[in-house]
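*Asks:* okay, here's the prediction I keep looking at, along with the sequence it came from:
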Amino acid sequence: MSTKLTIGILSVQGGVAEHVRMVEKLGHEAVLVRRTEHLANIDGLILPGGESTTMSRLLLLSGMIEPLREAIQGGLPAFGTCAGMIMLATTVLDTRPDAESLGVIDVTVRRNAFGRQRDSFEGELDFTGIANPVDSVFIRAPQIEEVGGDVQVLATVDERVVAARQNHVLVTSFHPELTEDLQVHQYFVEMIRSSR
Ligand code: GLN
């Protein structure tokens, strides 16, 4: 099972290059998804960190939000980190009233939930389904406050949920792409393979 995958990185705003680097380090092809037509011919899609309200605004302006939602609802595996997680959630708290999310994983997410002294921190996390502790960087990170029945919680920090999965959709509050730890991206690769 060493087939090379083509993994799209949503490139409207945010930390795209870091995910490209992880995908390429794992031996797969990374393509930038800037327009709706770039959603064709990818095996999976990563939504990066950045600023979810800006991402939402740009996706609405470009008309890309609906095709993106349909592609993921139709089975395209997706992985969102931080702002990317906010974009994938069904319900978002503490956001702008005009911000829209994709609603493809049944979680309620609170933006900027890790308070001031913990605006930014790094640590090792136990992650269900991954053998070794995962190196994680949190930056103005959201937390998951409620999960639906079909959602599996994968990691917590002080009992706060920071990683979850529902079928072919994976989300983390943190940024594995800002570390040298490839395990979460490898986990996403396995998700893509098992969904094919
Ligand atoms: N606080 C940002 C937001 O609400 C997310 C921060 C991040 O992606 N590092 O979109």
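*Replies:* Noted; the coordinates are in hand.

*Asks:* only C-alpha atoms for contact and neighbour calcs from this point on.
*Replies:* Will do.

*Asks:* wait, isn't Ala83 in contact with Pro48?
*Replies:* Yes - Ala83 lies in contact with Pro48 (Cα atoms under 8 Å); the separation is 6.7 Å.

*Asks:* helices of this protein, residue ranges please.
*Replies:* Secondary structure of the chain, counting by DSSP state H: helices at 16-25, 52-62, 65-73, 83-88, 183-195.

*Asks:* most tightly surrounded among those?
*Replies:* Mean neighbour count, computed with mean count of other Cα atoms under 10 Å, is highest for helix 83-88 among the helices of the chain, reaching a mean of 31.

*Asks:* near the ligand at all, it?
*Replies:* Yes - using Cα under 6 Å from any ligand atom, helix 83-88 reaches the ligand at Ala83.

*Asks:* list of residues touching that helix?
*Replies:* By Cα atoms under 8 Å, 6 or more residues apart in numbering, the residues outside helix 83-88 that reach it are 46-52, 55-56, 79-80, 92, 100-105, 109, 111, 142, 171-173.

*Asks:* hmm, try it at 7 Å
*Replies:* Applying Cα atoms under 7 Å, 6 or more residues apart in numbering, the contact partners of helix 83-88 are 47-52, 80, 92, 101-105, 109, 171-173.

*Asks:* can I have the buried ones of the residues you listed as a ChimeraX selection?
*Replies:* Selection of buried members from these for ChimeraX, criterion 16 or more other Cα atoms under 10 Å:
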select :47,48,49,50,51,52,80,92,101,102,103,104,105,109,171,172,173
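
*Asks:* I'd like the helices of the chain laid out as a markdown table, including mean pLDDT.
*Replies:* Output for the helices of the chain, formatted as a markdown table (pLDDT from 0 to 100):
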| stretch | mean pLDDT |
| --- | --- |
| helix 16-25 | 98 |
| helix 52-62 | 98 |
| helix 65-73 | 98 |
| helix 83-88 | 98 |
| helix 183-195 | 97 |
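
*Asks:* now do the lowest-mean-pLDDT helix or strand in the chain: which elements does it pack against?
*Replies:* The weakest-scoring helix or strand in the chain, judged by mean pLDDT, DSSP states H and E, is strand 120-125 (a mean of 92). Here strand 120-125 touches strand 134-139, going by 3 or more Cα pairs under 7 Å, 6 or more residues apart in numbering; DSSP states H and E.

*Asks:* right, is the strand it packs on up against the ligand?
*Replies:* Yes - on the criterion Cα under 6 Å from any ligand atom, strand 134-139 is in touch with the ligand at Ile139.

*Asks:* tabulate the CA atom coordinates of that strand in CSV.
*Replies:* Taking Å, rounded to 0.1, in the frame of the first residue of the first chain, the C-alpha atoms of strand 134-139 are listed here in CSV:
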residue,chain,number,x,y,z
VAL,A,134,1.9,13.4,19.7
ASP,A,135,3.9,16.7,19.7
SER,A,136,1.4,19.5,19.6
VAL,A,137,1.4,23.3,19.3
PHE,A,138,-1.6,25.3,20.4
ILE,A,139,-2.1,28.9,19.2
